[in-house]
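Peer 1: Fold the following.
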Amino acid sequence: MSPVRVEIPVFVMLREYPQEDGVLVPIEFHGKDLPFVPKRAFFIRNVPEGRERGNHAHKRCYQFIIPICGTIDAHIKNKYGSFELTLDSPRKGLLVPPLNWLTLTGFDKDTVCLVLASESYDVEDYLNVYEDFEKASSSIQ
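Peer 2: As a prediction, this is how the structure comes out:
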């Protein structure tokens, strides 16, 4: 297996088509909106006030995080530093490449978050211990 190159997470603005009967926000794959075809999707909802989600990184999996409803704060760490981003629109998704430590906070009471993942669930892909993440990300050129 070739080494994974650390990449910086980026916002992806999705197109929006307002119509009389509602607003359509499509997501296309194969490089149009996302650089992958999802193999897994899941929702995060009903997060108790003050609780965090994530607190891990992936070795191979890309994730695309969309706040379908509500607001989420994304705290990201990688070998280049730390930064925070706010996800506050269902048109603004966050593409998180492998080897980025991600913690999600600031969930509103009614927040619903959709996550599209490039890989099927594999416990071996997770870096759940921060020191393991630091070791893995520092070994990549």
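Peer 1: which ones are touching Glu16?
Peer 2: Residues in contact with Glu16 (Cβ atoms under 8 Å, 6 or more residues apart in numbering) are 23-25, 91. Bear in mind the C-beta positions are built from the backbone N, C-alpha and C, glycine included.
Peer 1: Closest one of these to Leu114?
Peer 2: Val25 (10.9 Å; Cβ to Cβ).
Peer 1: Only the buried residues of stretch 100-117, if you could.
Peer 2: For stretch 100-117, a neighbour-count test (16 or more other Cβ atoms under 10 Å) marks 100-102, 104-107, 111-117 as buried.
Peer 1: what about the chain, any weak spots by pLDDT?
Peer 2: Residue ranges of the chain with pLDDT under 70: 1-6, 141.
Peer 1: looking at it, which residue lies furthest from center?
Peer 2: Distance to the chain centre peaks in the chain at Glu20, reaching 31.2 Å (criterion: Cα atoms, centre = their mean).
Peer 1: And the helices in this protein?
Peer 2: Using DSSP state H, the helices of the chain run over residues 130-138.
Peer 1: Could I get the full set of strands for it?
Peer 2: Taking DSSP state E to define them, one finds strands in the chain at 10-13, 17-19, 22-24, 40-45, 53-58, 63-69, 72-78, 81-87, 92-96, 101-105, 112-117, 126-127.
Peer 1: ranking these by burial, who's on top?
Peer 2: strand 92-96 (a mean of 22; mean count of other Cβ atoms under 10 Å).
Peer 1: Which strands or helices does that strand pack on?
Peer 2: In terms of contacts (3 or more Cβ pairs under 8 Å, 6 or more residues apart in numbering; DSSP states H and E), strand 92-96 is packed against strand 10-13, strand 63-69, strand 72-78, strand 81-87.
Peer 1: Now tabulate those strands in TSV and tack on distance to Asp33.
Peer 2: Formatted as TSV, the helices and strands packed on strand 92-96 follow (distance: least, Cβ to Cβ, whole Å):
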stretch	distance to Asp33
strand 10-13	6
strand 63-69	8
strand 72-78	18
strand 81-87	16
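Peer 1: So for Val96, which of these sits nearest?
Peer 2: Nearest of the helices and strands packed on strand 92-96 (Cβ to Cβ): strand 63-69, 4.6 Å.
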